[in-house]
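1. This is the structure alone, sequence omitted:
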């Protein structure tokens, strides 16, 4: 088919082609997917299913940058209203997600996260009785509504469970995965059952939903990308993708199988400033296409887990950026991997200004007039 040929040709552009497809799927830069731009935070997060947000401000910005006219403060408002939550749906990592999607996604990888954390729990002296006491204390502490993280930990400590050191963070993580509490805004918690709807979904149906939604919001992807992102075994990821055969497009490129939504349009040109920990890099097991041949250390110095904010040019990470407050505005400094053609300076300035709009500050490119 003509569409297949076009997509295959784009993918054979290697990094640029694959990155362009993923920019299109994720709606990076608020250009929309299939010609449709989203102007509400919940809709943007729904498109990606879940969006990495261990850094609170970066998660707000990443969401807003994918919406038409959205700001970080508007995304925070969606969290406060309960349209979104910030919690640990998979991999033990904080994400933004809609409550309705958390209901069926959370159980899929919960047991694996529990098992992987069990050794650390033993080191911290946490036993099952501690989690049960903490759960009762949390339910009682949240009986009258939302409470802060500090207040919740104080209630757990008052029940006889020490929250010293890292014990508190691990206790809250277990309570969140077990459907006792859910984080709403940055440091505020609510009872899980008051925010997240109950839905009986079989594991097979949930895996099929996961495959379709992940492919739609991140494609083209491989089975290993899905397994890593959702915290599944490779066998489960393969079964999930097999269950939606005929509903996703499958392409073989240089011996690798990619899955994507039918009719996905690439975003072939553009410059975007993305925040730290952005889903555009962290949403995949293999990030080599987006990095365009650059080593991961250019974005994660020392591989310390801290993903720097990135400059994305035509689907490829072309450098990193940092901010510096200067009087009444913010100056954006760049560390580009290769020199950007002067003819594209205006695009870069637009990207800087757009980030400023999202963050709620006046932002200018360092060394250039406002």
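-> Cool, the structure landed. Note that the structure is predicted; figures quoted are calculated from it, not measured.

2. ok, residue 50 - contacts?
-> Under the criterion of CB atoms under 8 Å, 6 or more residues apart in numbering, the neighbours of residue 50 are 89, 90, 95, 96, 97, 101, 105. For every residue, glycine as well, the C-beta is placed using N, CA and C.

3. Report the contact partners of the fifth one.
-> Residues touching residue 97, when contacts are defined by CB under 8 Å, 6+ apart, comprise 45, 49, 50, 51, 84, 85, 87, 89, 105.

4. From residue 326, how far out is the nearest residue to residue 328 once chain neighbours are set aside?
-> Once its chain neighbours are removed from consideration, residue 328 has its nearest residue in residue 362; the separation is 6.7 Å (CB to CB, 6 or more residues apart in numbering). With distances defined as CB to CB, to the nearest Å, the gap from residue 362 to residue 326 amounts to 10 Å.

5. ok, these two, which is more surrounded?
-> Applying other CB atoms under 10 Å to residue 362 and residue 326 shows that residue 362 carries more neighbours, namely 15 against 11.

6. these two touch, right, that one and residue 327?
-> No: using CB atoms under 8 Å as the test, residue 362 is too far from residue 327 to be in contact (9.7 Å).

7. can you give me the end-to-end distance of stretch 282-290?
-> The stretch stretch 282-290 measures 10 Å between its terminal residues, going by CA to CA, to the nearest Å.

8. Centre of the chain to that stretch, how far?
-> The offset between the C-alpha centroid of stretch 282-290 and the centroid of the whole chain comes to 13 Å, using CA atoms, centre = their mean, to the nearest Å.

9. thought residue 131 was touching residue 177?
-> No: between residue 131 and residue 177 no contact is recorded; they are 10.3 Å apart, counting by CB under 8 Å.

10. For the residue with the largest distance to the centre of the chain, give me its contacts.
-> Computed with CA atoms, centre = their mean, the residue of the chain farthest from its C-alpha average is residue 160, at 35.3 Å. With CB under 8 Å, 6+ apart as the criterion, the residues that contact residue 160 are residue 133.

11. In three-state terms, label it for me.
-> With DSSP: H, G, I helix; E, B strand; the rest coil as the basis, residue 160 sits in coil.

12. Can you give me the separation between the nearest residue to residue 179 once chain neighbours are set aside and residue 110?
-> Of all residues not flanking residue 179 in the chain, residue 192 sits nearest, at 4.6 Å (CB to CB, 6+ apart). With distances taken as CB to CB, residue 192 is found 13 Å from residue 110.

13. Check the residue nearest to residue 328 and give its pLDDT.
-> What the model reports for residue 362 is a pLDDT of 93.

14. dump the residue contacts of residue 72.
-> Contact partners of residue 72, counting by CB under 8 Å, 6+ apart, are 57, 60, 61, 63, 64, 358, 359, 360.

15. ok, residue 192 and residue 110, which is more surrounded?
-> Residue environment comparison for residue 192 versus residue 110 gives the larger neighbour count to residue 192, 23 against 20, counting by other CB under 10 Å.

16. Isn't that one up against residue 180?
-> Yes: because the distance of 5.7 Å satisfies CB under 8 Å, residue 192 is recorded as touching residue 180.

17. which other residues reach stretch 135-151?
-> Contacts for stretch 135-151 (CB under 8 Å, 6+ apart): 152, 155-156, 158-159, 161, 172, 175, 178, 180-181, 184, 187-191, 194.

18. Now intersect those residues with the strands, please.
-> Secondary structure assignment by DSSP state E places 181, 188, 189, 190, 191 of the contacts of stretch 135-151 in strands.

19. So which of those wins on neighbours?
-> The member of those surrounded by the most neighbours (other CB under 10 Å) is residue 181, with 29 neighbours in all.

20. Is that residue bridged to anything, and to what?
-> Legend: beta-bridge partners of residue 181 under DSSP bridges are residue 191.

21. Tell me if I'm right that it and residue 189 touch.
-> Yes: between residue 181 and residue 189 there is a contact at 4.9 Å, judged by CB under 8 Å.

22. shared neighbours of the two, anything?
-> With CB under 8 Å, 6+ apart, residue 181 and residue 189 have common neighbours 138, 142, 152, 172.

23. hmm, which two among these are most spread apart?
-> Every pair in the shared contacts of residue 181 and residue 189 was compared (CB to CB); the two farthest apart turn out to be 142 and 172, at 12.2 Å.

24. between those two, what contacts are shared?
-> With contacts taken as CB under 8 Å, 6+ apart, the residues that reach both residue 142 and residue 172 are 152, 181, 189.

25. For the strand or helix carrying residue 107, buried residues please.
-> Residue 107 is located in helix 99-124, with elements delineated by DSSP states H and E. The neighbour-count criterion (16 or more other CB atoms under 10 Å) identifies 99, 101-106, 108-110, 112-113, 117, 121, 124 as the buried residues of helix 99-124.

26. Likewise for stretch 262-275?
-> For stretch 262-275, a neighbour-count test (16+ other CB under 10 Å) marks 264, 265, 266, 267, 268, 270, 271, 272, 273, 274, 275 as buried.

27. Let me see the mean pLDDT of that stretch.
-> The average pLDDT within stretch 262-275 is 85.
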